[in-house]
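1. My questions are about this predicted structure, shown below with the sequence.
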Amino acid sequence: MAGVPKGLPPLAKAHRIQGKAAHVGFDWPNDDVAPLFDKLNEEVTELREAVESGSADSMEDEFGDVLFMAVNLARHIKVDPDAALSRACGKFSVRFRRVESDAAYAGIRLDECPLSKLDELWNKAKIEVKAKSQEDI
């Protein structure tokens, strides 16, 4: 693990650590990502169990394992995890701004809105934003 800067952001650090381990042969096979999905599902199950236990330490440990495995999967499918998370944040922000706009137009206060209505607004925004991005292509 020598050469992995301590100050790297966590996603980049996980990616670098996994790459170093892979360099010496400690890695999943490159020709089949199915085992990586299985392992990710296993980690999610362990996180669910930790949440049910109520142990804050266990939840943090298991959530970290989920993230670490997600980064490993990203590495195998050749996706930059930082770029993917940044893109997801951008999509969420655009959609949520649309929810805010639609709610304001309808005279709805989000902080007083039931979750079912928020979900309805979210699903509408998701469709509209996707359609808009298709028009822009």
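-> Yep, it's here.
2. for the protein, what are the low-confidence residue spans?
-> Low-confidence segments of the chain, defined by pLDDT under 70: 134, 136-137.
3. mind pulling up the phi and psi values for Ile77?
-> Main-chain dihedrals, Ile77, degrees, to the nearest 10: phi -100, psi 10.
4. From here on, call the first residue 38.
-> Yep, numbering from 38; the last one is Ile114 now.
5. any idea how far it is from Val108?
-> Plainly put, Ile114 is 11 Å away from Val108 if you go by Cβ to Cβ, to the nearest Å. Any C-beta I mention is one placed from the backbone N, CA and C, and that applies to glycine too.
6. quick one: which of the two has more around it?
-> For Ile114 and Val108, the more surrounded residue by other Cβ atoms under 10 Å is Val108, and the numbers stand at 25 against 9.
7. Can you tell me, leaving aside adjacent residues, what's nearest to that one?
-> Ala51 (4.2 Å; Cβ to Cβ, 6 or more residues apart in numbering).
8. count of residues packed around that neighbour?
-> Other residues close to Ala51 by other Cβ under 10 Å number 22.
9. what's the following helix or strand after the helix or strand in which it is found?
-> Element membership for Ala51 (DSSP states H and E) is helix 47-60. Downstream of helix 47-60, the first helix or strand assigned by DSSP H and E is helix 71-90.
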